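>>> just coords:
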């Protein structure tokens, strides 16, 4: 709400002539490089807040992702850092009736939505129940692209 109030006050002040636009100098301007698919690969050893930012920053494109143990890609939707779950190793998956957690370098994140290869986006819990995962499932631990 604070941002909306500030925007309204600013637009009103511009309209009333109280504020005026000032051109921005082009000195020191830099451009961020385009995000590529490989930039969106989640490295589970990183802290939960960094993974959260990566997923948000790569949504909707190029889309954050990880690898399943069989090498298949798993697209990741929103994640929620959960400091209450600290006993998972990076990439280790825990599925319960309430949530799907993945360990990170700090504490777990709760998966919101996932997109299995060739399928539509779905709630992480629905995916996990249908995927028949075993207790030792670790995300991102496949081949040379392991994260």
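Looks like it came in fine. Keep in mind the model is a prediction, meaning the values are calculated, not measured.
>>> not counting sequence-adjacent ones, nearest residue to the residue nearest the centre of the chain?
Relative to the mean C-alpha position of the chain, the nearest C-alpha, by C-alpha atoms, centre = their mean, is the one of residue 55, at 1.7 Å. Excluding its sequence neighbours, the residue lying closest to residue 55 (C-beta to C-beta, 6 or more residues apart in numbering) is residue 64, at 4.2 Å. All C-beta spots, glycine's among them, are computed from the backbone N, C-alpha and C.
>>> which residues sit in contact with the one you found?
Contacts for residue 64 (C-beta atoms under 8 Å, 6 or more residues apart in numbering) come out as 40-42, 54-55, 58, 75-76.
>>> that older thread, surely the residue nearest to the centre of the chain is in a helix?
Yes: assessed with DSSP: H, G, I helix; E, B strand; the rest coil, residue 55 lies in a helix.
>>> hang on, the earlier thing: against residue 74, how distant is the residue nearest to residue 55?
10 Å (C-beta to C-beta, to the nearest Å).
>>> what residues of the helix ranked longest in the chain count as buried?
If you go by DSSP state H, the chain has its longest helix at helix 2-15. When neighbours are counted by 16 or more other C-beta atoms under 10 Å, no buried residue of helix 2-15 is found.
>>> cool, stretch 57-66 as well?
58, 63-66.
>>> ditto for stretch 32-52
40-44, 46, 48, 51-52.
>>> where does residue 101 land in three-state SS?
Assignment for residue 101 (three-state DSSP): strand.
>>> shouldn't it be in contact with residue 108?
Yes: using C-beta atoms under 8 Å, residue 101 makes contact with residue 108 at a distance of 4.2 Å.
>>> need the residues touching each of these two.
Joint contacts of residue 101 and residue 108 (C-beta under 8 Å, 6+ apart) are 82, 85, 88, 94.
>>> now name the helix or strand holding the third one.
By that I understand residue 88. Assigned by DSSP states H and E, residue 88 falls within no helix or strand.
>>> look up how far residue 25 lies from it.
Taken as C-beta to C-beta, the span from residue 88 to residue 25 is 48 Å.
>>> tell me the secondary structure for residue 74?
strand.
>>> what's the separation between it and residue 66?
5 Å.
>>> name the residues contacting each of these two.
Joint contacts of residue 74 and residue 66 (C-beta under 8 Å, 6+ apart) are residue 139.
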